[in-house]
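In: model the structure of this input:
(2 chains)
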Amino acid sequence: GESVGLHLPTLSVQEGDNSIINCAYSNSASDYFIWYKQESGKGPQFIIDIRSNMDKRQGQRVTVLLNKTVKHLSLQIAATQPGDSAVYFCAEVLSGNTPLVFGKGTRLSVIA
Amino acid sequence: DAGVTQSPTHLIKTRGQHVTLRCSPISGHKSVSWYQQVLGQGPQFIFQYYEKEERGRGNFPDRFSARQFPNYSSELNVNALLLGDSALYLCASNQQGGGEKLFFGSGTQLSVL
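Out: Okay, the predicted model is just below:
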């Protein structure tokens, strides 16, 4: 993914509202996608994944949407909580044994 | 169940020194991947090992090397450290290699002075 330097895009939401974090992925042939949450000083935490043959997948309080036409991935978080404050990364896998490639991160800030 | 464990958690080295970072994968996982994360950026792929064999290598110089042991744990070695090697080094594991269902450890924060 491209470097965003020290200035990550930031999304600020009120506690209890829904959050939508967007990601433009790089390769139209990518087969599999993951969303990760990374808190300060910790490693990326697996949230949810989706294959390219799906356009929507739901987890607990989270939904991932995939639009292959425009190479766009989004993560929706319902009823956002202060504990959701973190940097969120999308990542893609081209196919088979190819490595996971991370996209740009977005910092989510929840206002209590 | 224990997740991916990495040691040490923090490390301070000086330029020109050598460093070894260690990783134990989730039980049952046979593949380990290493990533470098510079402050403010997403993780960048360094290596992947599966069943003790190198499966993939990212765009990093030969100063970086790794290996996987019979118990599936792994070491990342970096020689002739540069200031620019300062980063969070992340280890991740999954069952069968590639990038799917990849679970990360908390990383080793390396500072090169």
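
In: when you work out contacts or count neighbours from here on, use the C-alpha atoms and nothing else.
Out: OK.

In: how about the residue lying closest to residue A:49 once chain neighbours are set aside, what does it touch?
Out: Excluding the flanking residues, the one nearest residue A:49 by Cα to Cα, 6 or more residues apart in numbering or on different chains is residue A:34, at 4.3 Å. Contacts for residue A:34 (Cα atoms under 8 Å, 6 or more residues apart in numbering or on different chains) come out as A:46, A:47, A:48, A:49, A:50, A:90, A:91, A:92.

In: columns neighbour count, pLDDT and secondary structure on top of these, output as JSON lines?
Out: As requested, the contacts of residue A:34 are exported to JSON lines (neighbours: other Cα atoms under 10 Å in any protein chain shown; pLDDT from 0 to 100; DSSP: H, G, I helix; E, B strand; the rest coil):
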{"residue": "A:46", "neighbour count": "16", "pLDDT": "95", "secondary structure": "strand"}
{"residue": "A:47", "neighbour count": "17", "pLDDT": "96", "secondary structure": "strand"}
{"residue": "A:48", "neighbour count": "20", "pLDDT": "97", "secondary structure": "strand"}
{"residue": "A:49", "neighbour count": "21", "pLDDT": "96", "secondary structure": "strand"}
{"residue": "A:50", "neighbour count": "21", "pLDDT": "96", "secondary structure": "strand"}
{"residue": "A:90", "neighbour count": "28", "pLDDT": "95", "secondary structure": "strand"}
{"residue": "A:91", "neighbour count": "25", "pLDDT": "94", "secondary structure": "strand"}
{"residue": "A:92", "neighbour count": "27", "pLDDT": "93", "secondary structure": "strand"}
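
In: tell me which of these is nearest to residue B:102?
Out: residue A:46 (7.7 Å; Cα to Cα).

In: around the nearest residue to residue B:16 once chain neighbours are set aside, how many other residues sit close by?
Out: In space, and not counting its chain neighbours, residue B:16 is closest to residue B:80: 4.0 Å by Cα to Cα, 6+ apart. Using other Cα atoms under 10 Å in any protein chain shown, residue B:80 has 13 neighbouring residues.

In: any idea which element the residue nearest to residue A:49 lies in?
Out: For residue A:34, the host element (DSSP states H and E) is strand A:32-38.

In: parallel or antiparallel, list what pairs with that strand.
Out: Using DSSP bridges, strand A:32-38 pairs in its sheet with strand A:45-51 (antiparallel), strand A:86-93 (antiparallel).
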